[in-house]
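S.K.: Predicted structure and sequence below. I'll ask about it afterward.
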Amino acid sequence: MLSYTAHYLDKLETLLKDLGYKIRYEKGNFKTGACKLLSSKIIVVNKFSNLEVKIQALSELVQEIDADQSSLTEKQRAFYLSVKQTNLTF
């Protein structure tokens, strides 16, 4: 289950950064909270989205990523696997 707090968002951002992704908060007309730019490791998050939408969008991207976990600590690996197993409902 997702926790919609700023701390949880920070944990997601840290996880993605440790997996080699760069996260940018930009304004734009895209409807979703975040998107991955083609095959690059850049994630653009709509900075005007609320906290819940940002967390759901980043969690969805984590679920889509098939990342190399060797660079993660044991705690981060456990968090990564828990996010991958979370059933997202919108």
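M.R.: Cool, got the structure.
S.K.: alpha carbons only for contacts and neighbour counts from here, please
M.R.: Noted.
S.K.: correct me, but residue 27 touches residue 34?
M.R.: No: using Cα atoms under 8 Å, residue 27 is not in contact with residue 34; the gap is 10.8 Å.
S.K.: The chain: helices as residue ranges?
M.R.: Counting by DSSP state H, one finds helices in the chain at the ranges 6-18, 51-64, 74-85.
S.K.: Let's have these in TSV, adding mean neighbour count, mean pLDDT and distance to residue 39.
M.R.: What follows is the helices of the chain, written out as TSV (neighbours: other Cα atoms under 10 Å; pLDDT from 0 to 100; distance: least, Cα to Cα, whole Å):
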stretch	mean neighbour count	mean pLDDT	distance to residue 39
helix 6-18	16	95	15
helix 51-64	19	91	12
helix 74-85	15	93	20
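S.K.: how about JSON lines for the ones you listed, with distance to residue 43 added?
M.R.: Below are those laid out as JSON lines (distance: least, Cα to Cα, whole Å):
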{"stretch": "helix 6-18", "distance to residue 43": "9"}
{"stretch": "helix 51-64", "distance to residue 43": "9"}
{"stretch": "helix 74-85", "distance to residue 43": "17"}
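S.K.: And the residue with the largest distance to the centre of the chain, how close does it get to residue 47?
M.R.: Residue farthest from the centre of the chain, counting by Cα atoms, centre = their mean, is residue 29 at 19.6 Å. With the distance defined as Cα to Cα, to the nearest Å, residue 29 ends up 11 Å from residue 47.
S.K.: For the residue farthest from the centre of the chain, what are phi and psi?
M.R.: phi -100, psi 10 (degrees, to the nearest 10).
S.K.: Equivalent analysis for residue 66, please.
M.R.: Torsion angles, degrees, to the nearest 10, at residue 66: phi -110, psi 80.
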